[in-house]
Structure formats: structure tokens, C-alpha cells
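*Asks:* Kindly return the folded structure for what I paste below:
(one chain, ligands or ions: 3)
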Amino acid sequence: MTVETESLTEYILVEYRWVVVITVLLPLSLLWKIWSTFRNYVVFKLSSAPKMHEKKVSYVQKQIRTWLKGDRSTRLCTARPSWQNMSFRQSTYKKTFTKIKINLVDILEIDDKNMTVRCEPLVTMGQLSRTLEPLGLALAVVPELDQLTVGGLVMGTGVETSSHVHGLFQNICLQYELVLADGSLITCSKDENSDLFYAVPWSYGTFGFLTSVVIKVIPAKKYVRLQYHPHTKLSELADHFRQESLKENPHQFVEAVMFSKEAGVLMTGDMVDEVGNDGQLNPIGKWYAEWFFTQVESHLLRNSSVIEYIPLRDYYHRHTKSLFWELQDIIPFGNNILFRYLFGWLMPPEVSLLKLTQPDAVGKLYDRSHVIQDMLVPIEHLEKAVNVFHKAIEVYPMWLCPFKVFNNPGQLKIKTTEDSQMFVDIGVYGVPKAKGFETVSSTRHIEKFVVEHNGFQMLYADTYTSKEEFRQMFDHTLYDKVRDSLQYCSEAFPEIYGKVNRAVRK
Ligand SMILES: Cc1cc2nc3c(=O)[nH]c(=O)nc-3n(C[C@H](O)[C@H](O)[C@H](O)COP(=O)(O)OP(=O)(O)OC[C@H]3O[C@@H](n4cnc5c(N)ncnc54)[C@H](O)[C@@H]3O)c2cc1C
Ligand SMILES: NC(=O)C1=CN([C@@H]2O[C@H](COP(=O)(O)OP(=O)(O)OC[C@H]3O[C@@H](n4cnc5c(N)ncnc54)[C@H](OP(=O)(O)O)[C@@H]3O)[C@@H](O)[C@H]2O)C=CC1
Ligand SMILES: CC(C)=CCC[C@@H](C)[C@H]1CC[C@@]2(C)C3=C(CC[C@]12C)[C@@]1(C)CC[C@H](O)C(C)(C)[C@@H]1CC3
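*Replies:* Numbers count the residues shown, from 1 in each chain. Ligands and ions are numbered 1, 2, ... in the order given. Next comes the predicted model:
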């Protein structure tokens, strides 16, 4: 890692973290993968998951009723330990709240007539894409990292390169089943309990416990025909990016990765059934394959607008193997050809195991000199935002992903009367190089820019906003109304801010 460490111990822990990762975490990750594949296989063959669902939901209700009967002096959260979730921090409220066990890990039903899949909240993106692929189906929006869960993506949000067509993860969800703080089981959709339905996304589990979700699926094809368009001027890349995101019949997938303030690669893709003769097959998911983002960079260096055919599942999880570009700081030689051929099949280490074994010194170093943020701004401000980010942080690669926000009720209120507005997710993950970077003040600076430009911040990342600024960023009108209407809700759950602000995250 190219940052200054403060002591020799810190230096050793940071520079040689890979020793523990390779000798301990990679073999443990493998054992974990074998166990979960075996468990899923057995459950599927015994077909026990759908039959067990009601029983498991009753157990959730039973735990809440026990809390109701008690003195209710503590609030509620899920029992999923923080080291298992996909964010950098540990939530401190997990230590004091009453923890409700939600052991709901299965896909319940695939309905290929209505084109839906019903699943439990701990089902992961990797598990879903693996199950749907042989049936010729896919979720309309597949957030890239394998370990992201349906529950976390509903209660938070999910974005992916098809979001300029389908919107965020919640926009492909048709129905939620929840256990509320009074112990009752409720389902909601746009036609049934619609206020609750629109308030659930971005609510971070502050209305109740999600027990199942019905999600829209689409027909899938075997490959993604991906075209790389390198650009060396930000203004040209931004114009092209907007044009591809906003045009009437857009490509199914649009994404860009910037490698400096001016230069980046725009990628446009569509599903196809066969490898055409205008490009080559590139199975990026194979164990020996080079990390995706470095392959993308090579197209910029060669300034070549090539076409490639990528197997669909490999495409969906293209950023998993290198955790976007975060793994280069943990295993610096992870992309080396020899390492890939020998150990690539073990990659990536499980994020949960990495989190569990993270030494304090590494945490402190990341606090000081590492940024992990996704800022969501209306697409017309793209260049301005890149310039602001460059001045305040200067982290490359920078991820750009367009997505549509529909004019629906809820926390994500857009300032337009149109049906929808196009946004761009600007993702910065890495070591900042900007002069004068300081975590709190620099993050506050970009947060201010985002609020002033009617944007939003992804909340898996650290937010340094005050409660007032937070309420300005996210519209709480419907949220407050629904909370007031649900018995015991305010007693059982804090407000969203109470679960995501920096003070409750260690
Ligand atoms: C509900 C369901 C119905 C399916 N129906 C068909 C079908 O009719 N014809 C067909 O060819 N393929 C069907 N499949 C898909 C496919 O056959 C399986 O995904 C495949 O058998 C998985 O094999 P695997 O060893 O790779 O399993 P894994 O990759 O280990 O598991 C596949 C996934 O199935 C899920 N699963 C496991 N057990 C159950 C269960 N009891 N109920 C629901 N989900 C479960 C797990 O969550 C897991 O992620 C279905 C899949 C599911 C989930
Ligand atoms: N491409 C993308 O879109 C990416 C998205 N992310 C973000 O990562 C997060 C998802 O990570 P993941 O590890 O899956 O989820 P988490 O375990 O982090 O859960 C996120 C929130 O959802 C709540 N929650 C989860 N399940 C339930 C449930 N069944 N009932 C009630 N509340 C629930 C959690 O409550 P509690 O605190 O009580 O456990 C928590 O507040 C999202 O916030 C997402 O925005 C991260 C990387 C990429
Ligand atoms: C909206 C999108 C696409 C977001 C992508 C977010 C990823 C870059 C984030 C999600 C989880 C994440 C915060 C994580 C880390 C890096 C950035 C990640 C992968 C790492 C691996 C950095 C190193 C840390 O020691 C530790 C292992 C705790 C974390 C774990 C979570």
C-alpha cells in the first residue's frame, strides 16, 4: 500500500497482511464455499426450503413477541453479525440491541410464467445468478459482488450497469413480506399497503424484519457482447456516457471506469446467444484470468475500441474477484500471472473473513488514508462532480454507473415532474492522492456538493452528515408517516440515521 504508516507494527500488519490472507483466509474461504455449495445442494434435493419457510417466519414472530412481553428497554436489529455484511465498519448498536435471528437463506420459488423469483433475505447475488442461469433467467439488476444479500439490497440499495433501464434493486422488487414490531406478518406491494412498500427501500430495517421478497426476472442469454470505448477527454467521455444512458433504445449494460481525471473507458453491452465474428470470447471468470479492471485499462492504453464476448455470469460478477480494485491493497501480487495460475481458483478471499480478522492497525490506517464512497448525482453534473472528487480526493480507478430514479414516493425524492431522472453513481475506492486530504473534512466537502446538487450518498459507506443534512438528502415525509402509523415501530427501531451515522459505526 502506498501510504505512510505510523509505526513498525502498523507497517508489518499492513504490508504483510497478504501472508495471513494467503495461508489462512484463502483455504478457509474455500472450505466455506464447499460447505455452502454442499448445504444448498442437499436442501435443494430434499426440497425442504419452501416447506420450512412458514416455520422460520413463525420463529421470527415468536422472538418479537417475547420482546413485546418484556420491558422493551432495548431496540431490535437482525442477529447477523457486522463482520458478515458488505460494508467496511462494524455497527456498534449490534452490541446493545436485542438481536432477532433471521435464518432465512433459501430461494423459495421460481415462477417462469410470471417471470418472478421469490426468495428469503439472506439469499446472495452469487447464489441467485447460479440458480437462475441454467433456467435461462436472470435478475434484471444484479449488483456485482457475490456476497451481497437480497435483504441488505432491499433495506439499503443496489445498483448495477443495467440500472439505467430498470432502476435500483428495489425497482425490480414486486412484493415484500415483513414481520412488524407488533409481531404481525404483512405483505406489501404497489397495490397493497403501498405506503409501506415505497418506504421500505433505504429504511435499513427500521420498519420490521424482511422475511421474503418477490423479484422480477428477465430472459437471459449466454454472453454479453461488450464494446470498450476509450476516451482521453473527460468532456467527451461524459457526453458519450450521457448519450448512451439516455437514448431511447439503450444498450442493456452501460458502465465507465476512469483511470485519471481525463481518461477512462466507457463500456456498452448487450446479451447475445452466440459469439459473433466481430470479437473474441473472453472468459473473465476463469481462475487464471487477469482482473477485469486491469483488462479495461489495457484497452485505454492501446486506445482500441474492441468488442468482446463475455459469459453472462462472468460479466455479472466481473468486479468480484478483485473486489473492484480493493484487493490490490491486500494482495499486491494477486494479479500476477504466476499467482493467478497457481492460486487464482481460491480468489477472492471471503469479505467476511477479511473483516473478522482485520487488525486494529489496518482499520486505523483505512480511517486515515483510504476512501470508500459512492455518491449519486443527477447525470448532468457528471463532469463537475468528477472535478470536485478529483480536487478533494483523487482516487482512481473511479467507477461510473448510470441509473434511473423513478418518480415514486419514498426517501429518494427527485426534483422533477417527469416520470424519472437519470443519475450517475460515482464510486471511489482506494488511497486518496489529493493534496491536503483529510478524511472528515474532505468527505464533508463532497457530501455538501452532493446535497447542493440534489444527490444522495450510498449508506453502506461512512456518512458524516448531521441529522438535519441527512433529512435534507433523504425525504422523510412518507417515512415518518408510515412509522407513526405502525404500532411499537418507534419503540422497536431507531430512525435510519440512528443506524447509519458514523457515531454508531466502529
Ligand atoms: C426453486 C427452484 C426450482 C428449480 N426448478 C428447476 C427445474 O424445474 N428444472 C431445472 O432444470 N432446474 C431447476 N432449478 C435450477 C437448477 O436445477 C438448480 O439450481 C441446480 O440443481 C443447482 O445445482 P447445484 O448443485 O449447482 O446447486 P447449488 O448451486 O448448490 O444451489 C443452487 C441454489 O438453489 C437454491 N436451493 C437449494 N435448495 C433449495 C430448495 N429446496 N428450494 C429452493 N431453492 C433451493 C440454493 O439457494 C442455491 O443457491 C430450480 C432451482 C430452484 C431454486
Ligand atoms: N453494487 C451495489 O449496489 C453495492 C451495494 N452495497 C451496499 O451493501 C449493503 C448490502 O450488504 P449486505 O451485507 O447484503 O447487507 P447488510 O447486512 O449490510 O444489511 C444492510 C441493512 O439492511 C438491514 N437488513 C438486512 N436484512 C434485513 C432483514 N431481513 N430485515 C430487516 N432488516 C434487514 C440491516 O439491518 P441490521 O443492521 O439490523 O442487521 C442493515 O441495516 C447495502 O446497503 C448496499 O447498498 C455494497 C456494495 C455494492
Ligand atoms: C455501489 C458499489 C458498486 C459499491 C462497491 C463497494 C465495494 C468497493 C466495497 C463494499 C465492501 C467493502 C467496503 C469492503 C472492503 C473494500 C471496499 C468494499 C469491497 C474491504 C475489503 C477493504 C479492506 C478491509 O480490511 C475490509 C476487509 C474490512 C473491507 C471489507 C469490505
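*Asks:* Make sure residue 399 is indeed in a helix.
*Replies:* No. Counting by DSSP: H, G, I helix; E, B strand; the rest coil, residue 399 is not found in a helix; it is strand.
*Asks:* hmm, who's touching stretch 322-336?
*Replies:* 1, 17-18, 21-22, 145, 290-294, 321, 339-340, 347-349, 351, 354, 370, 372, 397, 399, 427, 429-431 (Cβ atoms under 8 Å, 6 or more residues apart in numbering). C-beta here means a position set from N, CA and C on the backbone, and glycine is covered the same way.
*Asks:* now do stretch 399-406
*Replies:* 159-161, 163-168, 171, 241, 244-245, 254-258, 264, 324, 374, 376, 379, 382, 412, 414, 419-429.
*Asks:* Restrict those to the buried ones and give me that as a PyMOL selection.
*Replies:* To isolate the buried subset of these in PyMOL, counting by 16 or more other Cβ atoms under 10 Å, use the following:
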select buried, resi 159+160+161+163+164+165+166+167+168+171+241+244+245+254+255+256+257+258+264+324+374+376+379+382+412+414+421+422+423+424+425+426+427+428+429
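*Asks:* So which of the contacts of stretch 399-406 belong to strands?
*Replies:* 254-258, 264, 374, 376, 420-429 (DSSP state E).
*Asks:* filter these down to the ones close to ligand 3.
*Replies:* 374, 425, 427, 429 (Cβ under 6 Å from any ligand atom).
*Asks:* Which positions in the stretch 1-150 of the chain make contact with ligand 2?
*Replies:* For the stretch 1-150 of the chain, the residues in contact with ligand 2 (Cβ under 6 Å from any ligand atom) are 77-78, 80, 85-87, 91, 102, 121, 143-145, 148-149.
*Asks:* farthest-separated two in the residues you listed?
*Replies:* 77 and 144 (26.2 Å; Cβ to Cβ).
*Asks:* Residue 310 - that's part of a strand, no?
*Replies:* Yes. Under three-state DSSP, residue 310 sits within a strand.
*Asks:* List the buried residues for the helix-or-strand element of the chain with minimal mean pLDDT?
*Replies:* Here the helix or strand of the chain ranked lowest by mean pLDDT, DSSP states H and E is helix 8-15, holding a mean of 73. Neighbour counts over helix 8-15 (16+ other Cβ under 10 Å) mark 10, 13-14 as buried.
*Asks:* Which of the residues you listed sits closest to residue 387?
*Replies:* residue 14 (31.0 Å).
*Asks:* ok, now how distant is that closest one from ligand 2?
*Replies:* According to Cβ to the nearest ligand atom, to the nearest Å, residue 14 stands 23 Å off from ligand 2.
*Asks:* for residue 479, same thing?
*Replies:* 14 Å.
*Asks:* Return the distance of the strand or helix carrying that residue from the chain's centre.
*Replies:* If you go by DSSP states H and E, residue 479 is part of helix 477-485. In terms of Cα atoms, centre = their mean, to the nearest Å, the centre of helix 477-485 is set 26 Å apart from its chain centre.
*Asks:* Next secondary structure element downstream of that helix?
*Replies:* helix 489-492.
*Asks:* Any buried residues in the helix or strand just after that next one, and which?
*Replies:* Moving toward the C-terminus from helix 489-492, the next helix or strand (DSSP H and E) is helix 497-500. Judged by neighbour count using 16+ other Cβ under 10 Å, the buried positions of helix 497-500 are 497, 499-500.
*Asks:* Mind giving me the packing neighbours of helix 497-500?
*Replies:* On a contact count with 3 or more Cβ pairs under 8 Å, 6 or more residues apart in numbering; DSSP states H and E, helix 497-500 meets helix 467-473.
*Asks:* between the residues of the stretch 1-150 of the chain next to ligand 2, which is closest to ligand 3?
*Replies:* For those, the minimum distance to ligand 3 (Cβ to the nearest ligand atom) is 4.6 Å, reached by residue 86.
*Asks:* what's the closest non-adjacent residue to the closest one?
*Replies:* Spatial nearest neighbour of residue 86, excluding adjacent residues (Cβ to Cβ, 6 or more residues apart in numbering): residue 148 at 5.6 Å.
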